[in-house]
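J.: With the input below, show me the fold.
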Amino acid sequence: MFTQKTILKKTLQVGSSTLLSRFFGIIREALLIRYLGATGLSDAFITAFKIPNLLRKIFAEGALSATFTPTAVEIIKHNSQQTISGLMSLSFLFFEGMVLIFCAFIMYYAGPILRFIAPGFSDEQILSAIPMLHILMPFILFISSSALLGGALHAIGHFFTQAIAPVILNIIFIAGLVLSIFFNLPVTYLCWFILASGLIHFIVHFIMYIKFHFSFGRITRKDFTLFATIMNKFLLCLPSVSMMEIAHFIDTSYASLLPAGSLSLISYANRFIGIPLGVFAAAFSTILLPHFSRINTYSPKRLHFYLLESAKLIFWVTIPSALLMAFFSQEIFITIFVSKKFTLVQAYEAGNILMVFTIGLFFFSLNKILLNMFYSMHAAWVTAVVSLLATGLNIILNELLIKQFQTIGLATATTIAGIVQTILFLAILHKKYKFRLYIGRFSQFIACYTAQLVLFGTLFIVSYYCLAKGIQSIPSHYALFFINSIGLWFWVGPLALIFLFFIWYTRNLFKVKLYFLP
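T.: Residues are numbered from 1 along each chain as shown. Got it, this is the predicted structure:
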């Protein structure tokens with residue numbers, strides 16, 4: 001049973017695991033930058049890793065999860081867990097067989113595929129990326145298998161395993177980086193560590209799948225009927241997910257035309273946007289998908305209310321996060337990542353890219369909720385059409401902005417396309433599905449919240465500059481450590497937490513009402 005409290009509890013459970021994963025992710029990125037920097041080699045590695053991650057979005061975290069989970073929820077609700085054992089067998093045979101074919105195809109034609117995706121790469125970059133891609137491709141086989149197992153676990157309300165598994169991935173990734181740096185190993189060794197992390201990811205999911213008394217059974221005629229339903233939904237979801245991933249690859253293609261390292265800078269900045277996006281928005285949308293599916297079966301109009309309250313909670317969480325990241329965007333890269341292979345100039349550029357991405361954080365986050373809302377209503381065609389339009393807009397903006405603004409232009413194009421996508425989703429919900437958008441109530445919420453943010457934001461900025469001024473008066477070597485190095489976060493971190501605490505603690509005084517935070 002999903003209630004107001006259980007939704008928040010499970011979101012916090014998944015979010016805390018994701019936060020731990022993102023913490024390890026920062027360590028991973030810091031080590032990766034020290035290992036590869038922002039160079040042609042780092043561009044090659046990131047591009048090679050993007051290809052299995054494309055299939056991951058489709059056959060793991062995207063279309064497959066969005067279609068399999070609601071079906072599993074419906075089956076278990078009317079029957080028992082054991083009734084999906086045959087369906088699981090059939091799903092594994094089909095989807096993993098499809099993934100295996102894709103892997104073999106991409107590995108065989110690695111060179112032409114890399115040249116198509118990154119037309120600006122040099123021959124040297126292509127040659128270095130090919131063996132990386134050969135090793136990394138089977139990674140998706142383990143991750144997609146985990147997604148099917150995770151879909152069954154989600155259907156009974158168990159989210160912890162899929163939330164904690166990325167922590168395991170990052171720990172093994174970090175171990176590979178440490179050894180590669182220490183022994184000066186080639187990048188292919190790091191790729192083997194990543195592949196091993198995918199195998200362990202699958203083993204953890206399989207153990208939990210068995211522990212919760214799921215199994216694989218004989219395939220019946222009814223299973224084929226149910227699978228046909230999943231495939232119909234999957235094929236409808238596939239274009240929307242594909243369009244979003246194609247948009248990322250289009251950005252990669254444009255970035256490959258810029259100076260070496262540009263693609264890496266965009267990727268590094270995007271990683272930081274992924275922290276609030278993954279810790280909260282992705283966790284929240286993951287919890288809400290089966291809940292939306294249940295509501296749509298007995299009270300579809302209740303989704304109108306959940307859209308309002310989900311948007312309010314996302315706004316409440318993402319805006320302070322975006323403001324803090326924008327304010328410290330350049331300090332993040334200067335204090336943590338500057339090294340022999342990552343220059344101060346690159347740190348400033350990455351900070352500017354991050355600042356542009358923060359403008360779209362709320363919209364990127366809300367889009368995750370809107371996608372799952374359409375999936376729960378079995379209206380995946382809407383997401384496909386909207387994603388196609390957003391991708392087209394992204395391409396046009398890339399063409400217009402890349403020459404003058406380069407990496408900043410590509411980040412701006414992505415942000416604007418994300419905002420337009422949100423507007424189109426809401427317009428379709430309102431016009432076609434007669435959703436009540438509660439614009440007045442949402443505007444009132446924003447007004448109250450803005451007053452709160454202005455007050456405490458001003459206090460935060462004043463406190464920051466006063467403390468910085470005080471630190472500058474201490475001996476210079478200490479001052480440099482606490483202002484221009486990792487020591488900055490020893491006092492800025494607690495200051496930011498105090499700011500966020502007061503935002504939470506005083507919300508009722510400013511009449512900031514949230515359904516999920518009674």
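
J.: Confidence-wise, which helix or strand of the protein is lowest on average?
T.: Taking mean pLDDT, DSSP states H and E as the measure, helix 283-298 is the helix or strand of the chain with the lowest mean score, a mean of 66.

J.: right, and the helix or strand after that helix?
T.: helix 302-327 (DSSP states H and E).

J.: Near Thr422, how many other residues are there?
T.: When counting by other CB atoms under 10 Å, one arrives at 21 neighbours for Thr422. The C-beta positions use only the backbone N, C-alpha and C, and glycine is treated the same way.

J.: Check which helix or strand it maps to.
T.: Thr422 belongs to helix 380-431, assigned by DSSP H and E.

J.: ok, now His213?
T.: Going by DSSP H and E, His213 is not part of any helix or strand.

J.: Between the two ends of stretch 337-351, how far is it?
T.: 11 Å (CA to CA, to the nearest Å).

J.: And for that stretch, what's in contact with it?
T.: Stretch 337-351 is contacted by residues 29-30, 33-39, 261, 265, 268-269, 329-334, 407-408 when judged by CB atoms under 8 Å, 6 or more residues apart in numbering.

J.: can you map out the helices along the stretch 151-300 of the chain?
T.: 160-182, 187-211, 221-256, 262-276, 283-298 (DSSP state H, counting those that start in this stretch).

J.: Deepest in the core, which of those helices is it.
T.: helix 262-276 (a mean of 24; mean count of other CB atoms under 10 Å).

J.: chain center to that helix: distance?
T.: 11 Å (CA atoms, centre = their mean, to the nearest Å).

J.: Equivalent analysis for stretch 315-329, please.
T.: Worked out by CA atoms, centre = their mean, stretch 315-329 lies 16 Å from the chain centre.

J.: and what of stretch 295-312?
T.: 23 Å.

J.: try stretch 256-265
T.: Here the centre of stretch 256-265 is set off from its chain's centre by 21 Å, with CA atoms, centre = their mean.

J.: List the contacts of that stretch.
T.: Contacts for stretch 256-265 (CB under 8 Å, 6+ apart): 36-40, 42-43, 46-47, 117-121, 125, 252, 255, 346, 349-350, 353, 402, 406-407.

J.: Now, those that are in helices?
T.: Judged by DSSP state H, the contacts of stretch 256-265 include 36, 40, 42-43, 46-47, 117, 125, 252, 255, 346, 349-350, 353, 402, 406-407 as members of helices.

J.: Which residues does stretch 138-148 contact?
T.: 52-53, 55-56, 59-61, 64-65, 68, 88, 91-92, 95-96, 99-100, 102-103, 162, 165, 194-195, 198-199, 201-202, 204-206.

J.: average pLDDT across that stretch?
T.: Mean per-residue pLDDT for stretch 138-148: 88.

J.: how far does it sit from the chain's center?
T.: 17 Å.

J.: now do stretch 428-446
T.: 26 Å.

J.: For it, measure first residue to last.
T.: 23 Å.

J.: Report the buried residues of it.
T.: By neighbour count with 16 or more other CB atoms under 10 Å, stretch 428-446 contains the buried residues Ile428, Leu429, Phe435, Tyr438, Phe442, Phe445, Ile446.

J.: Is the third one in contact with Leu307, as I believe?
T.: Read it as Phe435. Yes. Assessed by CB atoms under 8 Å, Phe435 is found in contact with Leu307 at 6.6 Å.

J.: Overlap of the contact sets of the two?
T.: Leu429.

J.: pretty sure Tyr189 is touching Leu177, no?
T.: No. With contacts counted by CB under 8 Å, Tyr189 stays clear of Leu177, the gap being 10.0 Å.

J.: burial count for the nearest residue to Leu177 once chain neighbours are set aside?
T.: Once flanking residues are discounted, Leu177 sits nearest to Leu31: 4.1 Å by CB to CB, 6 or more residues apart in numbering. When neighbours are counted by other CB under 10 Å, Leu31 registers 18.

J.: which residues does Leu31 contact?
T.: Counting by CB under 8 Å, 6+ apart, Leu31 touches Ile174, Leu177, Val178, Ile181.

J.: Let me see the mean pLDDT of the one helix or strand it maps to.
T.: Following DSSP H and E, one finds Leu31 within helix 4-36. The average pLDDT within helix 4-36 is 74.

J.: Then stretch 462-473?
T.: Rounded mean pLDDT across stretch 462-473 is 95.

J.: same check, this time on stretch 434-452
T.: 94.

J.: quick one: the residue located most distally from the centre of the chain from Tyr464, how far?
T.: Outermost residue of the chain with respect to the C-alpha centroid, by CA atoms, centre = their mean, is Pro475; its distance is 42.0 Å. Separation of Pro475 from Tyr464 (CB to CB, to the nearest Å): 21 Å.

J.: And Tyr254, by the same measure?
T.: Applying CB to CB to Tyr254 and Tyr464 gives a distance of 36 Å.

J.: number of nearby residues for the residue lying closest to Lys511 once chain neighbours are set aside?
T.: Leaving aside its chain neighbours, Lys511 sits nearest to Cys448 (4.9 Å; criterion: CB to CB, 6+ apart). Neighbourhood size, Cys448 [other CB under 10 Å]: 16.

J.: And the one 3 residues further on, by the same measure?
T.: Counted with other CB under 10 Å, the neighbours of Ala451 add up to 13.

J.: can I assume Ile250 is in contact with Ile395?
T.: Yes. Between Ile250 and Ile395 there is a contact under CB under 8 Å: 5.9 Å.

J.: I'd like the secondary structure assignment at Ile75, please.
T.: At Ile75 the chain is in helix, as set by DSSP: H, G, I helix; E, B strand; the rest coil.

J.: residues near it, how many?
T.: 18.

J.: just Ser329 next, same as before
T.: 22.

J.: before we move on, what about the one 10 residues further on?
T.: Other residues within reach of Ser339, judged by other CB under 10 Å, total 13.

J.: Which secondary structure element is home to Ile461?
T.: Ile461 belongs to helix 439-472, assigned by DSSP H and E.

J.: what comes up buried for that helix?
T.: Phe442, Phe445, Ile446, Cys448, Tyr449, Gln452, Leu453, Phe456, Gly457, Phe460, Tyr464, Ile471.

J.: can you redo those as TSV with distance to Thr422?
T.: What follows is the buried residues of helix 439-472, written out as TSV (distance: CB to CB, whole Å):
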residue	distance to Thr422
Phe442	13
Phe445	17
Ile446	15
Cys448	22
Tyr449	18
Gln452	23
Leu453	21
Phe456	26
Gly457	24
Phe460	28
Tyr464	31
Ile471	41
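
J.: These: which two are farthest apart?
T.: Among the buried residues of helix 439-472, the pair separated by the greatest distance (CB to CB) is Phe442 and Ile471, at 40.8 Å.

J.: by contact count, what packs against the helix holding Ile461?
T.: Contacts defined by 3 or more CB pairs under 8 Å, 6 or more residues apart in numbering; DSSP states H and E place helix 439-472 against helix 302-327, helix 476-484, helix 488-505.

J.: That helix relative to helix 476-484, how many degrees between them?
T.: Comparing the axes of helix 439-472 and helix 476-484 via axes from the mean of the first three to the mean of the last three CA atoms, to 10 degrees yields an angle of 170 degrees.

J.: now helix 439-472 against helix 302-327, angle please.
T.: 20 degrees.

J.: quick one, helix 439-472 and helix 488-505 angle?
T.: 150 degrees.

J.: what's the spacing between Thr69 and Leu263?
T.: From Thr69 to Leu263 the distance is 33 Å (CB to CB).
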